[in-house]
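Student: Show me how the following folds:
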Amino acid sequence: MTRIIAGIAGSLKLASPAKATRPTSDRIRESIFGRLESQDIIAKARVLDIYAGTGALALEALSRGAFAAIMVDSNKQAAAVCENNAWSVAKAIDKAGGEGEWEVSRLSAKQFLASMTETYSAAAGTGFDLVFIDPPYEVTNAEVEGDLEALLPYLNVQATVIVERSSRTDAFAVPAEYELDQRKDYGDTSVFWLLLK
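Tutor: Got it, this is the predicted structure:
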């Protein structure tokens, strides 16, 4: 069972398509979001969740005060689950008098990043402050590196990008524009914290 851990929608259960996704465990999300909150990164942030699966990472951010969240997943079943979960979280936030915008895109990560153009631009003030990249393990390092390169025009100056990969595979090459702030392993999952240089 996947759930929202904390914030306005804390303890809310999230639906998960059994075969389509590999949700980030509660333990890993708790660790990630504990650090994000201690660094005051979530409040009013614009969040992008690529390979969103259930939407748990983006929706956890919304529950904890993010301004907006976009969830991207080309799997139709996963995207539908993201939408249903987002409606449930939004309802809890509205009931508590909070606010938060959300959107689900049914494009592949590559298609979405190629289609963003001026819609999400750091120069226009609509760039992202926090990005999650948690692809299925079969997605190659080259694809992850391509996603990171394509993201660059859409990241705000102090953006944080969090990448999850299998700890059993070779690490991806961090593009020169990023600094690897930390790598932390949780069993078979590695979490990479990247910052813009």
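
Student: in its sheet, what does the lengthiest strand in the chain sit against?
Tutor: In the chain, with assignment by DSSP state E, the single longest strand is strand 155-166. Paired neighbours of strand 155-166 in the sheet (DSSP bridges): strand 128-133 (parallel), strand 189-196 (antiparallel).

Student: show me what contacts the closest residue to residue 39 other than its chain neighbours?
Tutor: For residue 39, ignoring the flanking residues on the chain, the nearest one in space by Cβ to Cβ, 6 or more residues apart in numbering is residue 160 at 8.0 Å. All C-beta spots, glycine's among them, are computed from the backbone N, C-alpha and C. Applying Cβ atoms under 8 Å, 6 or more residues apart in numbering to residue 160 gives the contacts 36, 39, 41, 129-131, 193-195.

Student: one step back: can the strands paired with strand 155-166 go into CSV with extra columns for mean pLDDT?
Tutor: Formatted as CSV, the strands paired with strand 155-166 follow (pLDDT from 0 to 100):
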stretch, mean pLDDT
strand 128-133, 97
strand 189-196, 96
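
Student: Just say which of the ones you listed is most tucked in.
Tutor: Comparing those by mean neighbour count (mean count of other Cβ atoms under 10 Å), strand 128-133 ranks first with a mean of 24.

Student: and after it, which helix or strand comes next?
Tutor: Going down the chain from strand 128-133, the next helix or strand is helix 141-151, by DSSP states H and E.

Student: how much does that next one deviate in direction from strand 189-196?
Tutor: Computed by axes from the mean of the first three to the mean of the last three Cα atoms, to 10 degrees, the angle separating helix 141-151 from strand 189-196 equals 30 degrees.

Student: So what's the gap between helix 141-151 and the chain middle?
Tutor: Here the centre of helix 141-151 is set off from its chain's centre by 15 Å, with Cα atoms, centre = their mean, to the nearest Å.

Student: For it, which helices and strands make contact with it?
Tutor: Using 3 or more Cβ pairs under 8 Å, 6 or more residues apart in numbering; DSSP states H and E as the contact test, the elements touching helix 141-151 are helix 109-115, strand 128-133, strand 155-166.
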